[in-house]
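1. build me a model from this:
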Amino acid sequence: MKFSKAEIDAVIAASPRTTVPFNKLVLSPGYQARPAGSTSRLSVAELAASIKANDLFHNLIVVKGGRGLHEVCAGGRRLEALTLLVDNGDLPENYPVPVMVVPADKALMASLVENVQREALHPADELVGFTRLIAEGKSVEDVAAAFGVTPLVVKRRLKLAAVSPELMARFRDGQIGLDCLMVLASVDDHEKQEQTWAHLPSWNRNADHLRRLLTQGEIESDKDPVARFVTIRAYEDVGGALRRDLFSDDAAQAYLLDAGLLERLAVERLHERAAPLLEGGWKWVDVRARYVYEEYVKHGELRKTRRAPTADEAFELSLLEGQQVELHERMEALADAEGDEAEYTQLEAESELFQARISALEDALSVWSADLMAQAGCVVFVGQDGSAQTRCGLVRPEDRNEMVKAARQAPKGEGTASAGGSPVTLPAPITRPLHSEKLMRRLTAHRVAAVQAELIDRPDVALAALTAHLAVKLMKDGFRRYFAGADALTVSATDTHENLRREAEDMVDSAAWKKLDAERSAWVAQMPDDGPGVFAWLLDQDQPMVLRLLTFLVASSVTGVSGTEGDKQVTDPLAQALALDMTRWWRVTGPSYLDHVSKARIVEVVTEAAGANAASPLASLKKDGAVSGAEQTLAGTRWLPPCLRTPIRGNPIAEVQGGEDAVTIAEAPPAA
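-> Model prediction:
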């Protein structure tokens, strides 16, 4: 609503200014533009503190009411603040309040002018004003009291006012938001502020990204595990440089600037845990502030062995296991009879306690072989949770031969070696994985996609797989059945489509992916857009079409990506049922495999697929040349990595390497 200047000036000129005792003021029910109670309590409290410190600078606008009262039609927030001061005893009830009395027919207009046409102070001007008050000699506490805010608020505003003038001008123009200005103000260097903002892309100018750029090289005390382990206090006690963010809600949070000092302090503390390990018989102990996987990827690893329990331990373990079995039987009986849920929950809690005690006993029986510890070592480091951790049983590459000798020379007796008088099982052979975790995930992702693509054309296998899945869930899992939900169906599935693309960057170019994507697009085009309409639509379709859709959906839920090598994969049963031939969906090339393995592995692959004569020339070539030569040699061999081969059903040792015309059978060794 707009009023002419002449009209407003006329109202002001005709309205007398005077004072009215506080106890003669009431909030106008009909002329107040701002609803009563619409102002936050914090805002009223801040205004009350300001009035207490500086008196009331602005008059209220009132109209005369009955019985000597005056109705406030503009200035309701100030009236609330005065009421708060009177209630607290800071002002008397008859405190003279400056007012301007307007005619009743002009009251609503005056209220609207007060609340609508008044221009708010730009935040930048407020920041400058705070700075001027401090420059005039006012203390932070004085300014805080005058404006009814805390000293921290004043300090934050002064910090904002100290931002680079160039950036402050951008803030005035609306080019920088207040959230980004607070992040910029957290560092004092104007040049760094300006350069960081200048290099920030226009499409990503948000506070979180800006903070990451400004704090590069700094260590967050509340997030970095080593900083949590050392503690800010210990770091500061030795003169460690840090920077605190005045705008952080966590007063204890800080940015540590001396990474070297922090690492040294962590290592000094960790050495306290290293000494007992050396005394305990380990050959070596490394102390690291952080565990770096790459430093130890070539190390072998021992496994703990199980010592024979003492008579007391054996008795306690047997007793606990018997009690655990009894509890499980009672839980199953309750589940079958749909008994009291509270009783079931109590039994479940007791079962967890028994299991914890059993696990503690089993841990006590797991020991390191003293005969082999002399060739292995430990790493003491700070874990991700900020606590000191130890990883034991690592074998350096140069100690592998000695470890093998120690294992062979250990006294034997029915498959055990003596360690300190207690029988222990010999550790598993130390082997290095054939493929990296990343490559394994990439390869198995292609296998999952191929299984899905094959499964689309086999509704018989899809229906059997789904039925088996439901049968296990609903008929074999008694505990889960007891807690079944109220939904009409409890089938759960996850679409693995996008996950496969993330696991292998070359997935979208594969034949399996293209087939799956085309099938998905075809179904999406046919189905209704709204979820509830799908059921009605399916009821109108013939059974073969419904079965084809079900087949596709079952295929889309197949999973099985794994980063580790093993004798079995979860997709093996499906691959066997489909007679999966991965050479239809994947072939060995540089980008798909050879670039990601060592030259020695390339020679092994060519030897396996084409013979030693074809492989021997590659050994003298550089890696690029070996990859190129291997690609040409392997082009017609139908060779597959072990994780892509399909086991023959009923014979886990036999496997389909490259289709039905290329079956490799590895005979089982003769019985001893």
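2. hey, which helix is longest across this protein?
-> helix 311-337 (DSSP state H).
3. now that one: mean pLDDT?
-> What helix 311-337 shows for mean pLDDT is 82.
4. same check on stretch 100-119?
-> Mean pLDDT, stretch 100-119: 62.
5. the residue lying closest to residue 547 once chain neighbours are set aside and residue 579, how far apart?
-> Of all residues not flanking residue 547 in the chain, residue 459 sits nearest, at 5.1 Å (C-beta to C-beta, 6 or more residues apart in numbering). (Glycine included, C-beta is placed from N, CA and C.) For residue 459, the distance to residue 579 (C-beta to C-beta, to the nearest Å) stands at 16 Å.
6. between these two, which has more neighbouring residues?
-> Using other C-beta atoms under 10 Å as the criterion, residue 459 and residue 579 rank with residue 459 on top: 18 against 14.
7. quick one: residue 99 is in a strand?
-> Yes. Under DSSP: H, G, I helix; E, B strand; the rest coil, residue 99 sits within a strand.
8. list the contacts of it.
-> By C-beta atoms under 8 Å, 6 or more residues apart in numbering, the contact set of residue 99 is 17-20, 25, 59-62, 70, 72.
9. now that we have these, which one has the most neighbours?
-> Going by other C-beta under 10 Å, residue 62 tops these with 29 neighbours.
10. now stretch 594-607 - C-alpha only, PDB.
-> Written as PDB, here are the backbone C-alpha positions of stretch 594-607 (Å, rounded to 0.1, in the frame of the first residue of the first chain):
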ATOM      1  CA  LEU A 594      45.800 -55.800 -19.100                       C
ATOM      2  CA  ASP A 595      46.400 -52.100 -18.200                       C
ATOM      3  CA  HIS A 596      45.400 -52.900 -14.600                       C
ATOM      4  CA  VAL A 597      47.800 -55.900 -13.900                       C
ATOM      5  CA  SER A 598      51.600 -56.200 -13.700                       C
ATOM      6  CA  LYS A 599      53.700 -57.300 -16.700                       C
ATOM      7  CA  ALA A 600      54.500 -60.500 -14.900                       C
ATOM      8  CA  ARG A 601      50.700 -61.300 -14.800                       C
ATOM      9  CA  ILE A 602      50.400 -60.400 -18.500                       C
ATOM     10  CA  VAL A 603      53.100 -63.000 -19.300                       C
ATOM     11  CA  GLU A 604      51.200 -65.600 -17.100                       C
ATOM     12  CA  VAL A 605      48.000 -64.900 -18.900                       C
ATOM     13  CA  VAL A 606      49.500 -65.300 -22.400                       C
ATOM     14  CA  THR A 607      51.300 -68.500 -21.200                       C
END
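11. picking that back up, now the longest helix of the chain: buried residues?
-> 317, 320, 324, 327-328, 330-331, 334-335 (16 or more other C-beta atoms under 10 Å).
12. now stretch 612-628
-> Applying 16+ other C-beta under 10 Å to stretch 612-628 flags 614-615, 618, 621, 626-627 as buried.
13. do stretch 588-595 as well
-> Buried, per 16+ other C-beta under 10 Å, within stretch 588-595: 588, 592-594.
14. of all those, which comes closest to residue 355?
-> Of all the buried residues of stretch 588-595, residue 593 has the smallest distance to residue 355: 43.2 Å, by C-beta to C-beta.
15. how about a markdown table for the contacts of residue 99, with pLDDT added?
-> A markdown table is the format used below for the contacts of residue 99 (pLDDT from 0 to 100):
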| residue | pLDDT |
| --- | --- |
| 17 | 79 |
| 18 | 84 |
| 19 | 85 |
| 20 | 87 |
| 25 | 88 |
| 59 | 78 |
| 60 | 82 |
| 61 | 84 |
| 62 | 83 |
| 70 | 85 |
| 72 | 84 |
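16. phi first, then psi, for residue 611.
-> When read as degrees, to the nearest 10, the backbone of residue 611 gives phi 100, psi 160.
17. what about it, distance to residue 317?
-> On the measure of C-beta to C-beta, residue 611 and residue 317 end up 55 Å apart.
18. do residue 219 as well
-> Distance from residue 219 to residue 317, by C-beta to C-beta: 46 Å.
19. how about residue 615?
-> Taken as C-beta to C-beta, the span from residue 615 to residue 317 is 53 Å.
20. do the same with residue 62
-> Taking C-beta to C-beta, one finds residue 62 at 86 Å from residue 317.
21. count of neighbours near residue 545?
-> Residue 545 has 12 nearby residues by other C-beta under 10 Å.
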